[in-house]
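>>> the sequence and its predicted three-dimensional model are supplied below.
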There are 2 protein chains.
Amino acid sequence: MSFLDHIRGCNAHDLSGFRPFLIDGVRVGWIRHKLAERLPGVDPGFVVTAKAVTLAPEIRDFEARSATLAHAAAYLVESGVIRGLRGEHYPVLPRWGAEPLARLDRAAVVPFGIDAYGLHVNGFVRMPGGGIELWVGRRARDREIAPGKLDNLVAGGQPIGLTLTENLLKEAREEADIAPDLAARAVPVGIVRYCLETPMGLKPDTMFLYDLELPEDFIPRNTDGEVEAFERWPLDRVAASVDGTGDWKFNCNLVVTDFLIRHGHLTPDTPDYLDIASSLSGWPDALTKAEIRP
Amino acid sequence: MSFLDHIRGCNAHDLSGFRPFLIDGVRVGWIRHKLAERLPGVDPGFVVTAKAVTLAPEIRDFEARSATLAHAAAYLVESGVIRGLRGEHYPVLPRWGAEPLARLDRAAVVPFGIDAYGLHVNGFVRMPGGGIELWVGRRARDREIAPGKLDNLVAGGQPIGLTLTENLLKEAREEADIAPDLAARAVPVGIVRYCLETPMGLKPDTMFLYDLELPEDFIPRNTDGEVEAFERWPLDRVAASVDGTGDWKFNCNLVVTDFLIRHGHLTPDTPDYLDIASSLSGWPDALTKAEIRP
């Protein structure tokens, strides 16, 4: 798979199979028609029309909304859509930076098509000769998602109740045993966005990207069992592993491609350079500008 | 004007005022309806329908197409749409990296809405204290476009017949007296795209961005009269001059905003961070996916 194949793969979806999920008139998710039609039977707080799913007017505050969503999450487990709850909650946001409208178990985020956020850290070393080497993790073989695939040095979904920086320091310690004073040197460098349809639902994902320059003698060590091994690769090997294999976890391909562009390893001479560079951080208009009238 | 205001300003356009210009079935530009309807009278090589402008089947090769376009460029001068020709030619490309289908005088590129390309170089210095300072140019007061406005250290449109790197070395010498061996250290770091409607036509522009880290004792010197003065600014001052003033040349605001994001000066806590980061490098779907049937 080429660089562009990975981007297209992460953006494969058909919105016609979904209807928007609105809270207080703002679209916060996308729900498959079949699931949408069952929701009023799960909790009368769901108001479902042919065009949208909303919440009943009496469901007004954070806790009431979260309780209604929790009933739906339990139903998703009972009906076998998801294997179980994770016990970790994501915020349901009207937009990034706003107060959460509700919380939802992480396992139910994709069936509800909630806009989710996460962070990915490119851990790299500037070599004495002038080149760059990137730390690459291999995910443990027992992970539910992408077992054995290549991953960024540190990455994690953004749960409710933590700032991005708090989450970064926590994940850096758990996933690679990076001390907080070193992890705090990570520089935010932009975003990558994609929207993937999966058997469970829609995954509109925004990844906040960080570059963390590490000392040459730093060795990461996984502490939470999620990573089998870390290796440091020159960028030629990194690029070849993205452009030509499916060895990386699906969304990490995009993070690494962005890194290769920002550090000049992919140049304007690269075939498809403009298509690659212009499709990493944006969403199709259909996602952002759809006129939604419940 | 905020960061986002500048991005929106550079993307203000209404395609309904234009019809696509196709060569060999590929859209290469956008022409105002009024101009489109006059073109067959200027040169019989133009075939104009209500939906598109194309070239007659007998106009088959680079030179024939260029001659037809040159007639139209001369008409634009005669009719007062543009002040005069520039004597510098841009390629008409079916896509970046492909062989040019034709050449067109730079002054006629916007009236034909041709996809144009250019390069912008962020010249910066890493200060001993750890911060970054950016070299800022002030455009000469006698320039036709954006006189007296702030500009990147080096920038230039991409003419036909030069590679990007050749153009970078040429512009670096002319605009800032940067020796080729120093300019060659510039690192390609991505793109910014925008599409602006102007009184003359449509300007769909792709800017290839470069970061050039300069020694602390380097002083740029303009050699072509296009720059009045250079100054080196800390990023706080740079950010304040974009977010809150109209001091920069319109498209340079976007280049500088991208620099501030990639170097972590704008962080995810910045209001509108996601809207900013997701709208610098892409084009609206309407531009790229429009179904065009002549």
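Perfect, I can see it now.

>>> by mean pLDDT, flag the weakest helix or strand of chain A.
Every helix and strand of chain A was ranked by mean pLDDT, DSSP states H and E. The lowest is helix A:285-289, at a mean of 61.

>>> got the residues of the stretch 151-294 of chain A near chain B?
A:164, A:187-191, A:193, A:206, A:208, A:261-264, A:267-269, A:271, A:273-274, A:277-286 (Cβ under 8 Å from any Cβ of the partner chain). In short, each C-beta sits where N, CA and C put it, glycine included.

>>> from those residues, which ones fall inside strands?
Using DSSP state E, the subset of these located in strands is A:187-191, A:193, A:206, A:208.

>>> between those, which is nearest B:Thr198?
Closest approach to B:Thr198 among these (Cβ to Cβ): A:Gly190, at 28.8 Å.

>>> so in terms of bridging, what pairs with that closest one?
Going by DSSP bridges, A:Gly190 is paired in beta bridges with A:Leu209.

>>> is it true that it touches A:Asp258?
Yes - using Cβ atoms under 8 Å, A:Gly190 is in contact with A:Asp258, at 7.1 Å.

>>> the one helix or strand A:Gly137 maps to - contacts with which helices or strands?
In this assignment (DSSP states H and E), A:Gly137 forms part of strand A:132-139. With contacts defined as 3 or more Cβ pairs under 8 Å, 6 or more residues apart in numbering or on different chains; DSSP states H and E, the packing partners of strand A:132-139 are strand A:116-126, strand A:150-151, helix A:164-176, strand A:227-234, helix A:235-242.

>>> who does it pair up with?
Applying DSSP bridges, strand A:132-139 is found paired with strand A:116-126 (antiparallel), strand A:150-151 (antiparallel), strand A:227-234 (antiparallel).

>>> so who does the residue nearest the centre of chain A touch?
By Cα atoms, centre = their mean, chain A has its centre lying nearest to A:Asp205, at 4.3 Å. Contacts for A:Asp205 (Cβ atoms under 8 Å, 6 or more residues apart in numbering or on different chains) come out as A:116-118, A:193-196, A:251.

>>> one more: A:Asn251?
By Cβ under 8 Å, 6+ apart, A:Asn251 lies in contact with A:10, A:192, A:194, A:196, A:205, A:207.

>>> which among these gets closest to A:Ala36?
Of all the contacts of A:Asn251, A:Ala36 sits closest to A:Leu196, with 19.4 Å by Cβ to Cβ.

>>> ok, and the closest non-adjacent residue to that closest one?
Using Cβ to Cβ, 6 or more residues apart in numbering or on different chains and skipping the chain neighbours, the partner closest in space to A:Leu196 is A:Lys203 (4.6 Å).

>>> three-state assignment of that neighbour?
Classification of A:Lys203 by DSSP: H, G, I helix; E, B strand; the rest coil places it in strand.

>>> residue in the stretch 1-150 of chain A nearest to chain B?
Closest residue of the stretch 1-150 of chain A to chain B, Cβ to the nearest Cβ: A:Trp96 (4.9 Å).

>>> pLDDT at that residue, what is it?
In this model, A:Trp96 is scored at 94, pLDDT.

>>> mind listing what A:Ala64 touches?
A:Ala64 sits next to A:45, A:58 when contact means Cβ under 8 Å, 6+ apart.

>>> give me phi/psi at it?
Phi and psi for A:Ala64, reported as degrees, to the nearest 10, are phi -70, psi -40.

>>> name the nearest residue to the residue of the stretch 101-250 of chain A found nearest chain B, sequence neighbours excluded.
Across the stretch 101-250 of chain A, the shortest distance to chain B (Cβ to the nearest Cβ) belongs to A:Val187, at 3.7 Å. Spatially, and ignoring its direct neighbours in sequence, A:Val187 is nearest to B:Gly264 (3.7 Å; Cβ to Cβ, 6+ apart).

>>> where does chain A dip in pLDDT?
Scanning chain A for pLDDT under 70 picks out the ranges A:284-294.

>>> just the endpoints, please. Distance across stretch A:17-33?
End-to-end distance of stretch A:17-33 (Cα to Cα, to the nearest Å): 6 Å.

>>> could I get the buried residue list for it?
Across stretch A:17-33, burial judged by 16 or more other Cβ atoms under 10 Å in any protein chain shown covers A:18-23, A:27-32.

>>> now for the residue nearest to A:Leu196: which residues touch it?
If you count contacts by Cβ under 8 Å, 6+ apart, A:Lys203 has them with A:109-110, A:113, A:116, A:194-197.

>>> out of those residues, which are inside helices?
Using DSSP state H, no member of the contacts of A:Lys203 falls within helices.

>>> sitting in strands, which of the residues you listed do you find?
In strands, defined here by DSSP E, the members of the contacts of A:Lys203 are A:116, A:194-197.

>>> would you format those as TSV with neighbour count included?
Formatted as TSV, the ones in strands among the contacts of A:Lys203 follow (neighbours: other Cβ atoms under 10 Å in any protein chain shown):
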residue	neighbour count
A:Ala116	22
A:Tyr194	26
A:Cys195	21
A:Leu196	17
A:Glu197	19
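
>>> wait, which of those is closest to A:Glu174?
A:Ala116 (19.2 Å).

>>> help me confirm that the closest one comes into contact with A:Met207.
No - the pair A:Ala116 / A:Met207 is not scored as a contact, 9.5 Å apart, by Cβ under 8 Å.

>>> quick check: domain ranges of chain A?
Domain ranges of chain A: A:3-11+A:116-285, A:16-113, per automatic domain parsing.

>>> ok, back up a step: between which two of the ones in strands among the residues of the stretch 151-294 of chain A next to chain B is the distance greatest?
Across those, the longest distance by Cβ to Cβ is 19.4 Å; it joins A:Val187 and A:Arg193.

>>> ok, those two, which is more surrounded?
Shown here are A:Val187 and A:Arg193; by other Cβ atoms under 10 Å in any protein chain shown, A:Arg193 has more neighbours (21 against 16).

>>> can you give me the distance of that one to B:Leu260?
Distance of A:Arg193 to B:Leu260, given as Cβ to Cβ, to the nearest Å: 19 Å.

>>> could you do A:Thr270 as well?
For A:Thr270, the distance to B:Leu260 - Cβ to Cβ - is 25 Å.

>>> which of the two has more neighbours?
A count of neighbours by other Cβ under 10 Å puts B:Leu260 above the other of A:Thr270 and B:Leu260, at 23 against 18.

>>> return the residues in contact with the more buried one.
Applying Cβ under 8 Å, 6+ apart to B:Leu260 gives the contacts B:235, B:238-239, B:242, B:266.
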